[in-house]
Every structure is written in structure tokens, then in C-alpha cells.
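>>> sharing a model prediction with you, sequence too.
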There are 2 protein chains.
Amino acid sequence: MTIEIIPVEGIPIVQPGDNISAFVAECLSVEDDDILCVASSVYSKSKGYLRLLEDIQPSERAGEIAEKCGEDPRFIQAVLDEADDIIIDYPFILCSLPHGHVGVRAGIDHSNVEDGRIILLPPNPMKAADEIRDEIKKITGKTVRVILTDTCGRSFRRGQTGVAIGWSGMSAIQDYRGDTDLFGHTLEITEEAVVDEIAGIVNFVMGESNRGVPAVICRNMPHWEGHDNLYFNAKEDITRTAMKNKY
Amino acid sequence: MTIEIIPVEGIPIVQPGDNISAFVAECLSVEDDDILCVASSVYSKSKGYLRLLEDIQPSERAGEIAEKCGEDPRFIQAVLDEADDIIIDYPFILCSLPHGHVGVRAGIDHSNVEDGRIILLPPNPMKAADEIRDEIKKITGKTVRVILTDTCGRSFRRGQTGVAIGWSGMSAIQDYRGDTDLFGHTLEITEEAVVDEIAGIVNFVMGESNRGVPAVICRNMPHWEGHDNLYFNAKEDITRTAMKNKY
């Protein structure tokens, strides 16, 4: 079946207090089983997960890191406030967050927000995805699935791609364990991070720039079986161990 | 505009000597500007980029690595033969290939092939993508864009996702440099790896398992401006440097 990737056009610039789910429902007729993908930065803005740089007092440590990275010390302080572990602090600051995501600058965004304000990631992206799902149900009567997306770099390859930081109504990972290939061999590759694969194409449609499409529908996506164990913990992650020991 | 992700259904099990482009053209009516995505393993099989394990004499080094990783020494020898650099050899073997891609086991596949044979990545994936594009033009008269996909793990996050290892008729990366956001700030995130974002959703549609859909069309994808510098070189890649120093 053909999968459709549909931009939700016409959403106004979101302000604190706005209801994104209501905006989506006004702009497009959602259907049962749609996967509604929402940019985490826009969700955060609607919820007021913002800080004013001028309100932040940087610590000594923030000042040291900021000097190394060429960043504003107040911005680095905000990163330290969000992170539960600093993996490297040079040549850029890479952190893990309490919800498991690992991102440069703790995923804090200072594009697409008015001057002097920065946008934090939602503190509980899973709950955020559940909430959007419930809101859509309340407004439209439709049962959708939801992914909250962010944009992130990767190892070995240049350029950012979309990733999922929260999801609701689906498993993060499709688990093929015990499945066989076309010739009956048991598969070695057993886990596919479907939420991230969806977040990728959706990120392209949202655009990083001034196109301003904060929500995208993915329609006719089949269901899959799996689990939600998307993040490595610090010990099992080889990259993280290597980076912590090196820098 | 709605983007369509269309599985090319009905392609038979590909054998060495088969023409994948002809199979695609028989199964589906391609249109100008379609992005035709082909699984690299199936392309390799059609071109005979296969080895028989029983033909491989493992070196002493292959034997040592195989023991550490719990792999067949002949398989590890094949990996060493493909790789231009071994980044780590424990707990799994991670290599870079001459064309730039970094993958576990040099991307060699031993699922979906008859017993005792392994499938190598195409030695020149960019040329392979060009060739498929030319073939489709010859057979159908249509000018498509082409991505050759592989499946790959990542840092920090569990599960594999699709990635692009070859492309034709497009840039790998959309480059936003100099662009501004909705509020007129110059963007900090300037490079988006669109070919990988497409390869992700396409990988889901292909399936890892016994669904056997080796080709997928991505229709109505807008064009983007950018460059093809998808791979970090060894020196600029922080993960690679950390891993090489640690293990």
C-alpha cells in the first residue's frame, strides 16, 4: 500500500499557550491510524518550555565550556541545566537528557524563536506525545499515533536527520527476532528503529528553514510489533564509552 | 504536496545476471522525477558481488578477530578484504569502505542469499546508482532519481535504520547555509542529509524480513540544493577518532 506523507499546511506561528492539536485539526482532516508528527521545538514553544538568555546566570563551569566551544556562557548554562550527563564538551557540547536522548547542546534550539529566547526540549517527550494523541481524540474523535521529532547529527556521516524523541500509539522499534529471511535463515538484524525512519522523511517535509511546517501526517503506515527500548544506556553504548574516555 | 512512498511489488527473487531496472519497469509505471530506491544487497546479487565462504582462506588476523567477535574466520576475512580501515574489531567489527561508508562487518550481508554465499556491498555505489538511472531511462524513457540503500546501526540509539550508500540525480545533502528562519536569524543547522532521511522510510517499506520488496518509489519529492559530501573523513570524525583511540 502506498504511504502518504502529508504536510499540515496553514498552521500559524505557534505562541506559548497555543494548542497545536487544535491547529492541526483545523488545518487538515485527520484519519484513524494516521501518524501525526510534530516538531518538538514547536510543541515546546506552545507549552512555554522557553528561557530568556538574560535571565540566566552562568556558572564558572559554563563559562569554561563556553570559551572552549565559542558559545554564549548563558546558553551553555541552559544546556548544563537540561543535561543529565555531558559526554563531550569540545569541540561541541554533547549531552544525554533524563529521557534518554543524546544530542548536541541538549537539543536546545535558538532558531525560529524571537530574539533572546531559547527553546528547550519537552522535559517528558513520551507524555507530550500521549497528550497530543489524547487531544486529537478529544477534538476529532479519531485515534491517531503520534511522533515528536527533533533534528540531530550522527557519527560517520555529515548532515542532520530527523529523529523521534517521543511517540505514542506505537513501538519505537520493530523487532524481527526469530523471524526468517526469504531462504529460511534466522535474521541477524533484528531491530529496526521505525520511529526514527519516519521522523527522517518528516523532518525533510517540515524543513529547517522558513517553510514553517511544524506538523506532518504519515498515512497508511502499517503497524509493527516491537518494543520501546530506543536508547542505549550509558554502559552498553560503545560510542559513548569511547567518547567519555577520549575527551 | 503529498509525498508517496510506493513499494514495487512483484519483483521475483533476483539472481546474478538479472536486470533490476527491467524488473522495476515491468512491475510499476515509473514517472519522471520519481526517486527509485533499490536495496544494495539485491543490486549486488544481480551483479554477482558475492563470495562463497568455502572459497575463502582466512588469514591469522582474521582468525584472531573472528575469535574475539564469535564470527566465522572466513567471513571476517571477507570483511577485511572489503574494508579500507578497521575502526574497532571488538565487540563487533566496524569498518570504513573505500567509497566512504562506515558499517559493521563492512556491510556484508549473509541473510537473503542461498547458503554459504555472502553478499558484498557494490564496490562503487555511486556508479551503480548512475547505472540504474541510465537503465530506467533506456527502458522507459523516464528520468528518475536513484538511491541505493543499506541498513545500519547508529550511536546512542538502538536499532538499525536505512541509509543511502549511493545516489544519482540529486545531492546527498540539502544545504541551508545563508538561509534564515521564520524570524530572520541565520540558521545554525545548515546541512540536512536528505538521502538518508529518504532511505530510512524506504527501508521500513522494503522490510528486513521475508516480505521481499527490494525496490521502492518515492514520488512527488521536491528538489533540493546542496552537495554530495556525505561522509566525514577519518580526521574530522569525532566518533571515529574516539573509537580508534579507545579500542
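Good, I have the coordinates.

>>> just give me the neighbour total for the closest residue to A:Pro122 other than its chain neighbours.
Closest residue in space to A:Pro122, ignoring its immediate chain neighbours: A:Ala128 at 4.4 Å, by CB to CB, 6 or more residues apart in numbering or on different chains. From N, CA and C alone the C-beta is placed, and that goes for glycine too. Neighbours of A:Ala128 under the rule other CB atoms under 10 Å in any protein chain shown: 26.

>>> which stretches of chain A have low pLDDT?
A:111-114, A:178-189, A:208-211, A:246-247 (pLDDT under 70).

>>> strands of that one, start to end?
A:3-7, A:35-39, A:50-52, A:85-88, A:94-96, A:102-104, A:117-119, A:145-152, A:161-168, A:173-175, A:191-192, A:215-219, A:226-227 (DSSP state E).

>>> and the fourth one, what does it pack onto?
Looking back up the chat, that one is strand A:85-88. Under the contact definition 3 or more CB pairs under 8 Å, 6 or more residues apart in numbering or on different chains; DSSP states H and E, strand A:85-88 sits against strand A:94-96, helix A:238-246.

>>> list the contacts of the longest helix seen in chain A.
The helix that spans the most residues within chain A, counting by DSSP state H, is helix A:125-140. Under the criterion CB atoms under 8 Å, 6 or more residues apart in numbering or on different chains, residues A:19-22, A:24-25, A:30, A:36, A:38, A:40, A:43, A:47, A:99, A:101, A:122, A:142-148, A:165-169 lie in contact with helix A:125-140.

>>> repeat that with 7 Å
Residues from elsewhere that reach helix A:125-140 (CB atoms under 7 Å, 6 or more residues apart in numbering or on different chains): A:19-22, A:25, A:30, A:36, A:38, A:40, A:43, A:99, A:122, A:142-144, A:146-148, A:165-169.

>>> buried among those residues? Make that a PyMOL selection.
In PyMOL, a selection of the buried entries from these looks like this (16 or more other CB atoms under 10 Å in any protein chain shown):
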select buried, chain A and resi 20+21+25+30+36+38+40+43+99+122+142+144+146+147+148+165+166+167+168+169
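
>>> hey, what's the residue lying closest to A:Asp85 once chain neighbours are set aside bridged with?
Beyond its immediate neighbours in the sequence, the residue positioned closest to A:Asp85 (CB to CB, 6+ apart) is A:Ser96, lying 4.5 Å away. Here A:Ser96 shows beta-bridge partners A:Asp85, A:Val102, assigned using DSSP bridges.

>>> number of nearby residues for A:Ser96?
Neighbours of A:Ser96 using other CB under 10 Å come to 22.

>>> spit out the contact partners of it.
A:83-85, A:87, A:102.

>>> could you export those residues as TSV, including neighbour count?
Shown next, in TSV, are those (neighbours: other CB atoms under 10 Å in any protein chain shown):
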residue	neighbour count
A:Ala83	21
A:Asp84	12
A:Asp85	13
A:Ile87	23
A:Val102	25
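
>>> quick check, nearest of the residues you listed to chain B?
Nearest to chain B, judged by CB to the nearest CB, of the contacts of A:Ser96 is A:Val102 at 4.0 Å.

>>> burial of the closest residue to A:Ala25 other than its chain neighbours, as a residue count?
Excluding the flanking residues, the one nearest A:Ala25 by CB to CB, 6+ apart is A:Ile139, at 4.6 Å. A:Ile139 has 15 neighbouring residues, counting by other CB under 10 Å.

>>> what's the domain layout of chain A?
Domain assignment for chain A by automatic domain parsing gives A:1-47+A:125-230, A:50-120.

>>> returning to what we had before: now the longest helix of chain A: buried residues?
A:125-126, A:128-133, A:135-136, A:140.

>>> and of those, the nearest to chain B?
A:Pro125 (13.8 Å).

>>> who does the closest residue to that closest one other than its chain neighbours form a beta bridge with?
What sits nearest to A:Pro125 in space, not counting adjacent residues and going by CB to CB, 6+ apart, is A:Gly166, at 2.9 Å. On the basis of DSSP bridges, A:Gly166 is bridged to A:Leu148.

>>> pretty sure A:Gly166 sits against A:Leu148.
Yes - contact criterion CB atoms under 7 Å: A:Gly166 and A:Leu148 qualify, at 3.7 Å.

>>> now for these two: what residues contact both?
With CB under 7 Å, 6+ apart, A:Gly166 and A:Leu148 have common neighbours A:122, A:125, A:128-129.

>>> next, count neighbours for A:Phe92.
15.

>>> give me the neighbour count for the nearest residue to it once chain neighbours are set aside.
Computed as CB to CB, 6+ apart, the closest residue to A:Phe92 that is not its neighbour in sequence is A:Val104, at 5.3 Å. Counted with other CB under 10 Å, the neighbours of A:Val104 add up to 17.

>>> same thing with A:Ile6?
By other CB under 10 Å, 17 other residues sit near A:Ile6.

>>> correct me if wrong: A:Cys152 contacts A:Val102.
No - assessed by CB under 7 Å, A:Cys152 is found out of contact with A:Val102, at 8.3 Å.

>>> that older thread, so of the helices and strands packed on strand A:85-88, which one's packed in deepest?
Comparing those by mean neighbour count (mean count of other CB atoms under 10 Å in any protein chain shown), strand A:94-96 comes out on top with a mean of 23.

>>> name the nearest residue to A:Met1, ignoring sequence neighbours.
A:Asn220 (5.2 Å).

>>> residue contacts, the one you found?
With CB under 7 Å, 6+ apart, A:Asn220 has these contacts: A:1-4.

>>> of all pairs in those, which one is the farthest apart?
A:Met1 and A:Glu4 (9.7 Å; CB to CB).

>>> more neighbours, those two?
Higher neighbour count among A:Met1 and A:Glu4: A:Glu4, with 16 against 12, using other CB under 10 Å.

>>> and the more buried one, how far is that from chain B?
Distance, A:Glu4 to chain B, by CB to the nearest CB, to the nearest Å: 5 Å.

>>> so that residue makes contact with B:Thr2?
Yes - contact criterion CB under 7 Å: A:Glu4 and B:Thr2 qualify, at 5.1 Å.

>>> can you tell me how far A:Val205 is from B:Ile3?
According to CB to CB, to the nearest Å, A:Val205 and B:Ile3 sit 7 Å apart.

>>> now do the shared contacts for those two.
A:Ile5.

>>> quick revisit: give the contact list for the residue nearest to A:Pro125.
Neighbour list for A:Gly166: A:122, A:125-126, A:128-129, A:148 [criterion: CB under 7 Å, 6+ apart].

>>> for A:Ile119, same thing?
A:41, A:44-45, A:49-50, A:108-109, A:113.

>>> tell me the bridge partners for it.
In beta-bridge terms (that is, DSSP bridges), A:Ile119 pairs with A:Leu50, A:Asp109.

>>> the longest helix of chain A vs strand A:161-168, what angle?
Angle, helix A:125-140 to strand A:161-168, by axes from the mean of the first three to the mean of the last three CA atoms, to 10 degrees: 70 degrees.

>>> brilliant, that's me finished.
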